[in-house]
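Trainee: okay, predicted coordinates and the sequence, questions at the end:
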Amino acid sequence: MYLPNFMLQSKLAVVTGATKGIGRAIALAYAEAGADIVLIARSKDGLEQVKEEVEAYGRQAYTISSDIKDYRKIISEVDQLIGDKPIDIWVNNAGINVRSKAMDVTEEEWDQIIDTNMKSSFFLAQAAAKRMDKENPGKIINVSSVGGHVALRTGVVYAMTKSALIQMTKNLAMEWGKLGINVNAIGPWYFPTSLTEKLLEDEDYVRDILDRTPLNRIGKLEELAGTAVFLGSDASNYITGQTLFVDGGMTIYGF
Ligand SMILES: NC(=O)C1=CN([C@@H]2O[C@H](COP(=O)(O)OP(=O)(O)OC[C@H]3O[C@@H](n4cnc5c(N)ncnc54)[C@H](OP(=O)(O)O)[C@@H]3O)[C@@H](O)[C@H]2O)C=CC1
Ligand SMILES: C[C@H](O)[C@@H]1OC(=O)[C@H](O)[C@@H]1O
């Protein structure tokens, strides 16, 4: 039998930044694939909304309302919610950007972006790994960006955090492979979410995007969620340390 299991039946997944955009799409795709989900974000109303959507697939949803920077509180609440049930998949998705020119970056912006996108992702990955079952492959998926691989005009500090997630993915994959934990990253190009809404309303900006995108279109959230399902499933059990750029070909486009 060569067709692997792409589904996520009876797995427990944790998705950060799960109330909107990419995180919500991943959480719902995971629920449709059979997983129970811990949803993490700040907005209580947003969490309740997505919890109902997960439950509509007949799956269990737990919610943790917290700023991702309060990762110690999050880890404690995960333990209270799921006890000693092992975590099968942890998706570090929550992230922000402040699109300042390098000359204008402030220390406050630096701290906010670095702590949210990078520091929280590392310590939550560390906590997730400690709660994975050595007998069944655990999966950690970090949401990076093409901006962590090539220079974009969307902010140097954001780019540094996304590049750091790509390298963190490699190092954790190397250290935790013997624990049966796969660590991979996803590198999206532009997708329609609240983070990019204003940019994608600007026709000239969208034209600039498409000029650099061989598939000549903006991505669909379900296409990104599909990559997350693959990386969370048994179908990717021999893939680790990799970053899959879901980018319409942007990162291979030279001229
Ligand atoms: N959209 C795109 O084109 C691209 C996005 N990405 C990356 O994908 C990830 C998701 O982005 P996207 O879906 O577009 O973003 P959105 O802004 O649409 O959603 C962000 C999600 O993260 C949560 N969040 C934001 N800040 C915090 C925080 N401090 N603590 C806890 N939760 C937080 C938000 O919920 P709440 O406000 O309730 O906390 C929301 O659920 C990010 O890491 C981003 O860098 C990468 C490349 C392209
Ligand atoms: C592709 C980038 O990650 C994208 O660019 C932006 O301006 C947003 O901040 C997204 O992250």
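Mentor: Thanks, I have the structure now. Ligands and ions are numbered 1, 2, ... in the order given.
Trainee: only C-alpha atoms for contact and neighbour calcs from this point on.
Mentor: Fine.
Trainee: which of the residues in stretch 152-169 are buried?
Mentor: By 16 or more other Cα atoms under 10 Å, the buried positions in stretch 152-169 come out as 155-169.
Trainee: quick one: it near ligand 1?
Mentor: No - residues of stretch 152-169 are not located near ligand 1 by Cα under 6 Å from any ligand atom, the shortest gap being 7.4 Å.
Trainee: check what pLDDT the residue nearest the centre of the chain gets.
Mentor: The structure's the chain has its C-alpha centroid closest to residue 93; by Cα atoms, centre = their mean the separation is 2.9 Å. As predicted, residue 93 sits at a pLDDT of 99.
Trainee: tell me which residues touch it, please.
Mentor: When contacts are counted by Cα atoms under 8 Å, 6 or more residues apart in numbering, residue 93 touches 15-18, 22-23, 142-143.
Trainee: of those residues, which is the most crowded?
Mentor: Neighbour counts for those, by other Cα atoms under 10 Å, peak at residue 18, which reaches 30 neighbours.
Trainee: once you drop chain neighbours, what's closest to it?
Mentor: Leaving aside its chain neighbours, residue 18 sits nearest to residue 24 (4.4 Å; criterion: Cα to Cα, 6 or more residues apart in numbering).
Trainee: wait, doesn't the one you found sit right on residue 14?
Mentor: No - if you go by Cα atoms under 8 Å, residue 24 and residue 14 don't touch, sitting 11.5 Å apart.
Trainee: on the three-state scheme, residue 160 is what?
Mentor: The local conformation at residue 160, judged by DSSP: H, G, I helix; E, B strand; the rest coil, is helix.
Trainee: how near is it to residue 166?
Mentor: Residue 160 sits at a distance of 10 Å from residue 166 (criterion: Cα to Cα, to the nearest Å).
Trainee: could you do residue 17 as well?
Mentor: Using Cα to Cα, residue 17 is found at 19 Å from residue 166.
Trainee: swap in residue 223?
Mentor: Taken as Cα to Cα, the span from residue 223 to residue 166 is 20 Å.
Trainee: same check on residue 172?
Mentor: From residue 172 to residue 166 the distance is 10 Å (Cα to Cα).
Trainee: thinking again about what came up before, check contacts around the residue nearest to residue 18.
Mentor: So residue 24 contacts 17-18, 50 (Cα under 8 Å, 6+ apart).
Trainee: what's the closest of those residues to residue 119?
Mentor: Nearest to residue 119 among these: residue 17, at 15.0 Å, using Cα to Cα.
Trainee: can you get me a residue count around the nearest residue to that closest one once chain neighbours are set aside?
Mentor: Once flanking residues are discounted, residue 17 sits nearest to residue 94: 4.0 Å by Cα to Cα, 6+ apart. Residues lying near residue 94 (other Cα under 10 Å) number 23.
Trainee: same check, this time on residue 49
Mentor: 12.
Trainee: now do the contacts for the closest residue to it other than its chain neighbours.
Mentor: Computed as Cα to Cα, 6+ apart, the closest residue to residue 49 that is not its neighbour in sequence is residue 19, at 7.8 Å. Neighbour list for residue 19: 39-41, 43, 46-47, 49-50 [criterion: Cα under 8 Å, 6+ apart].
Trainee: cool, residue 78 as well?
Mentor: 38, 64.
Trainee: number of residues surrounding residue 209?
Mentor: The burial count for residue 209: 17, using other Cα under 10 Å.
Trainee: can you list the buried residues in whichever strand or helix holds it?
Mentor: Element membership for residue 209 (DSSP states H and E) is helix 203-211. Residues of helix 203-211 classed as buried: 209-210 (neighbour count, 16+ other Cα under 10 Å).
Trainee: what is that helix packed up against?
Mentor: Under the contact criterion of 3 or more Cα pairs under 8 Å, 6 or more residues apart in numbering; DSSP states H and E, helix 203-211 touches helix 197-200.
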